[in-house]
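Visitor: next come a sequence and a model predicted from it.
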Amino acid sequence: MTRPNGAIYMDQITIKAPDDWHLHFRDGVLLPETVSATARCFKRAIVMPNLIPPVTKREQALAYRERILEAAGPGSDFNPLMTLYLTDETTPEQIKEAASKIIPAAKLYPAGATTNSEGAVGSIEKLFPVFEAMSECGMLLLVHGEVADDNVDIFDREKEFIDQHLAPIHVCFPNLKIVFEHITTSEAVDFVLQTGDNTAATVTPQHLMMNRNDLLSGGIRPHNYCLPVLKRNVHQQRLREAVASGSHKFFLGTDSAPHTKQAKENPCGCAGCYSAWGAMELYAQIFDELGAMAKLEGFASIYGPMFYGLPVNRETVTLIRDSWTMPDIIELPSGESIVPFYAGQQINWRLEL
Ligand code: DOR
Ligand code: ZN
């Protein structure tokens with residue numbers, strides 16, 4: 001059977017094992033939950049450093065990695081890749097000391113842009129010596145691409161960031177590899193497509209599946225609130241076209257970011273969607289809807305390692321067309337709970353385990 005666009009209808013697909021190039025595990029008692037949810041289907045993950053206190057130095061990143069490996073368990077082959085949290089105090093020496101196979105990247109959060117970013121970067125221009133060092137030692141720059149300026153409308157903050165900061169950084173450091181994380185706008189798609197091979201972007205399931213109506217129409221839905229915030233439908237469509245095109249500049253990064261139910265369902269609710277329980281299945285559903293299943297493997301398993309200069313995983317995974325329902329709630333041993341992304345909704349693909 002074929003789809004209107006000529007794509008073949010599939011009931012199952014086997015692809016090289018995928019990796020998640022952007023997520024949040026948190027720390028301590030949450031690790032057994034978050035690490036096993038991700039290691040269920042991803043072989044590697046780029047782990048965000050916005051802990052309290054943040055992961056700003058090599059030793060902290062290595063110690064955090066050990067805690068993640070311990071949570072993964074002795075039999076696991078899961079490989080967490082660590083990132084440094086840039087601050088106004090980060091030095092080129094700290095970058096050179098940290099840059100390695102297991103700390104391949106550093107993360108730029110404009111101070112105040114998102115969760116636990118208060119101590120991050122106040123002056124991006126002052127960090128240019130750090131970018132120089134990163135460029136020299138091949139460390140990737142991962143950016144939360146939004147200006148943290150209350151005078152700028154929240155729906156325009158990504159576009160402003162491109163104009164004010166990202167384009168100048170790329171011009172000054174053409175050899176610096178930059179990942180524009182969790183992109184949400186057509187301007188971000190344009191930026192990545194119009195710049196050379198040293199820029200790429202990650203795209204989350206929520207930004208491909210939803211737009212701001214899913215956040216605000218018919219009532220506020222705090223579990224769909226993340227940063228950068230969901231945008232207009234036209235931007236969502238542009239992201240969908242970008243991933244369906246099969247361009248190697250767009251790859252998988254869930255931004256899976258757990259917060260407790262209480263912290264999300266709150267007068268000042270936290271930003272973040274905990275998608276790890278169904279991430280790969282949701283991407284399969286999206287690519288299926290787009291008639292682009294043949295492009296799923298590149299997005300999920302090939303273009304990420306290619307950009308990071310790492311080998312593609314040797315193992316494979318199989319996804320089957322089979323429906324299941326995302327649980328309404330995940331109970332934690334602490335007595336707290338998390339409402340997963342897509343809670344209570346039907347997913348049409350299942351990962352064969
Ligand atoms: O929605 C988000 N949640 N966006 C971010 O940038 C951070 C993340 C978190 O840490 O919860
Ligand atoms: Zn994130």
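Guide: Great, that's in hand. Ligands and ions are numbered 1, 2, ... in the order given.
Visitor: show me the helices in the stretch 151-300 of the chain, by range?
Guide: 157-161, 167-172, 186-194, 205-209, 213-216, 233-244, 261-264, 279-289, 296-297 (DSSP state H, counting those that start in this stretch).
Visitor: who's in contact with the second one?
Guide: When contacts are defined by Cβ atoms under 8 Å, 6 or more residues apart in numbering, helix 167-172 is touched by residues 124, 128, 131, 141, 176, 178, 191, 195, 198, 199. In this view, the C-beta of every residue, glycine as well, is placed from N, C-alpha and C.
Visitor: the closest residue to the first one other than its chain neighbours: how many residues sit nearby?
Guide: With sequence-adjacent residues excluded and distances taken as Cβ to Cβ, 6 or more residues apart in numbering, residue 124 is closest to residue 165, at 5.2 Å. Using other Cβ atoms under 10 Å as the criterion, residue 165 is surrounded by 19 other residues.
Visitor: so who does residue 165 touch?
Guide: 110, 124, 145, 147.
Visitor: roughly how far does the last one sit from ligand 1?
Guide: As defined by Cβ to the nearest ligand atom, to the nearest Å, residue 147 lies at a distance of 14 Å from ligand 1.
Visitor: in which helix or strand would I find that residue?
Guide: Of the helices and strands defined by DSSP states H and E, none includes residue 147.
Visitor: touching, it and residue 161? I think so.
Guide: Yes. Under the criterion of Cβ atoms under 8 Å, residue 147 makes contact with residue 161 at 5.0 Å.
Visitor: residues of the stretch 201-350 of the chain that sit close to ligand 1?
Guide: By Cβ under 6 Å from any ligand atom, the part of the stretch 201-350 of the chain that sits against ligand 1 consists of 226, 227, 255, 257, 271, 272.
Visitor: which of those lies closest to residue 288?
Guide: residue 255 (21.4 Å; Cβ to Cβ).
Visitor: list the contacts for the closest residue to residue 67 other than its chain neighbours?
Guide: Distance criterion Cβ to Cβ, 6+ apart; nearest residue to residue 67, sequence neighbours excluded, is residue 31 at 6.1 Å. Neighbour list for residue 31: 25, 67, 68, 70, 71 [criterion: Cβ under 8 Å, 6+ apart].
Visitor: how far away is residue 31 from residue 295?
Guide: The gap separating residue 31 from residue 295 is 33 Å, by Cβ to Cβ, to the nearest Å.
Visitor: mind checking how far residue 273 is from residue 350?
Guide: 20 Å.
Visitor: quick one, which of these two is more surrounded?
Guide: Legend: neighbour count by other Cβ under 10 Å for residue 273 and residue 350, higher for residue 273 (26 against 18).
Visitor: isn't the more buried one up against residue 341?
Guide: Yes. Between residue 273 and residue 341 there is a contact at 4.0 Å, judged by Cβ under 8 Å.
Visitor: okay, and the common contacts of those two?
Guide: Counting by Cβ under 8 Å, 6+ apart, the residues touching both residue 273 and residue 341 are 205, 206, 223, 256.
Visitor: what's the closest non-adjacent residue to the second one?
Guide: Read that as residue 206. In space, residue 206 is closest to residue 273, 4.9 Å off (Cβ to Cβ, 6+ apart).
Visitor: contacting residues around that neighbour?
Guide: Contacts of residue 273 (Cβ under 8 Å, 6+ apart): 204, 205, 206, 223, 224, 225, 226, 255, 256, 257, 341.
Visitor: equivalent analysis for residue 342, please.
Guide: Counting by Cβ under 8 Å, 6+ apart, residue 342 has contacts 275, 278, 282, 326.
Visitor: same question, residue 346
Guide: For residue 346, the contacting residues are 323, 324, 325, by Cβ under 8 Å, 6+ apart.
Visitor: tell me the mean pLDDT for the helix or strand hosting residue 321?
Guide: In the assignment (DSSP H and E), residue 321 maps to strand 316-325. Averaged across strand 316-325, the pLDDT comes to 98.
Visitor: before we move on, what about stretch 73-82?
Guide: Mean predicted confidence for stretch 73-82 is 97.
Visitor: now stretch 7-14
Guide: Averaging pLDDT residue by residue across stretch 7-14 gives 88.
Visitor: could you list the residues in contact with that stretch?
Guide: 1-3, 284, 288, 291-294, 296-297, 316-321, 352.
Visitor: please apply the same query to stretch 119-138.
Guide: 50, 53-54, 85-88, 90-93, 95-96, 99, 106, 108-113, 139-141, 165, 169, 172-173, 175-177, 309.
Visitor: return the set of buried residues in that stretch.
Guide: The neighbour-count check on stretch 119-138 (16 or more other Cβ atoms under 10 Å) flags 119, 120, 121, 124, 127, 130, 131, 132, 133, 134, 135 as buried.
Visitor: run a quick neighbour tally on residue 192.
Guide: By other Cβ under 10 Å, the burial measure for residue 192, its neighbour count, is 21.
Visitor: shouldn't it be in contact with residue 179?
Guide: No. Taking contacts as Cβ under 8 Å, residue 192 lies outside contact range of residue 179: 9.5 Å.
Visitor: need the per-residue pLDDT for residue 299.
Guide: pLDDT, residue 299: 99.
Visitor: need the contact list for it.
Guide: With contact taken as Cβ under 8 Å, 6+ apart, residue 299 is in contact with 243, 246, 250, 251, 252, 283, 287.
Visitor: are any of those residues buried, and if so which?
Guide: Buried among the contacts of residue 299 (16+ other Cβ under 10 Å): 243, 250, 251, 252, 283, 287.
Visitor: from the residues you listed, which two are the most distant?
Guide: Across the buried ones among the contacts of residue 299, the longest distance by Cβ to Cβ is 12.9 Å; it joins 251 and 287.
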